[in-house]
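> dropping a prediction and its sequence here:
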Amino acid sequence: MADTPKLMLTARNADEPEPDLTLTVVIHRAIRADMARLAGVLDVTCERGLEPGRARDFCRYTAAVLAAVRAHDDNEGAIVWPLVAATARQAVDLNPLTDDHEAIAAASDRAGHALARFAAEPDAHTVVVLRASVSELSDLLDEHIADEEAQLYPAMRRYLSAAAYRWYGKQIMRKARLPGLWFTLPWLARHADDSERRQLLAAGGWRARVVLAASRRGYRRLERRAFGVRLGRPGHAVSEGTQSHPL
């Protein structure tokens, strides 16, 4: 927090505009939706096996989602939660959510190790282990995000200034490296509606627009190969065939 402008650590006045939490809302939606999709694919894989050639793309997509989860938790813990703590003070208790992050980090590591074993040898045993670890992480994230949204969203809207939240978004973009953005930006756009997508691009500036334009087609191709879906209108997917999560 040493580099945080002092103005960002001042609580919002009641007559100032509330922060626009679109970035956090869409990240949470993308995490919950895709963790559920990954678990669903693995359920089908345990029952029916994995079609040749699909494992590599599924593993690439899963690894990217796990990296996005870790990056989001790191950004919350290092940037936005200290802003909330400084502005809301005794009005919010971050300790339970911090404990959640520790449990999520451990579960994410287990899922990462299970994914590496599955990628090396996608057999009946490794897929069962991966399914269990992804399901565990998905459940933890669901509960944590629900608690965070119930507890922190009101505090963020009440105490964080709009400028402070915009500063948080800019710090995320500055920290992000191009390989991560190449997945994260089209992934978030995939889970945003038209209005949210415009807000995300406005907040991300020219860099976000350029990277999204260059990476969107590759993301869609990877998603289609990993999940066996064709994209409908932005923010929606339509399964190919009759399976819910075909591989």
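The structure has been received and is ready for your questions.

> just the helices in this protein please.
Applying DSSP state H to the chain gives helices spanning 22-48, 55-75, 81-88, 95-120, 124-159, 162-175, 178-190, 194-227.

> residue 14: which of the ones you listed is closest?
helix 124-159 (8.6 Å; C-beta to C-beta). Where C-beta positions appear, they are placed from N, C-alpha and C, glycine not excepted.

> quick one: average confidence on the closest one?
Throughout helix 124-159, pLDDT has a mean value of 95.

> how about that helix: buried residues?
126-127, 129-138, 140-141, 144-145, 148, 152, 155-156, 158-159 (16 or more other C-beta atoms under 10 Å).

> where does the protein dip in pLDDT?
For the chain, the stretches with pLDDT under 70 are 1-8, 47-50, 52, 229-247.

> try it again at 80.
1-11, 47-53, 228-247 (pLDDT under 80).

> okay, the helices of the chain in TSV with distance to residue 12 next?
Putting the helices of the chain into TSV (distance: least, C-beta to C-beta, whole Å) gives the following:
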stretch	distance to residue 12
helix 22-48	16
helix 55-75	21
helix 81-88	7
helix 95-120	21
helix 124-159	6
helix 162-175	8
helix 178-190	25
helix 194-227	18
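
> which among these is found nearest to residue 10?
helix 81-88 (6.8 Å).

> that closest one - contacts with which helices or strands?
For helix 81-88, the packing partners by 3 or more C-beta pairs under 8 Å, 6 or more residues apart in numbering; DSSP states H and E come out as helix 124-159, helix 162-175.

> residues making contact with it?
1, 4, 8-12, 92, 94, 97-98, 152, 155-156, 158-161, 164, 168 (C-beta atoms under 8 Å, 6 or more residues apart in numbering).

> for residue 101, see how far away the closest residue to residue 168 other than its chain neighbours is.
Excluding the flanking residues, the one nearest residue 168 by C-beta to C-beta, 6 or more residues apart in numbering is residue 80, at 4.9 Å. Taking C-beta to C-beta, to the nearest Å as the measure, residue 80 falls 12 Å from residue 101.
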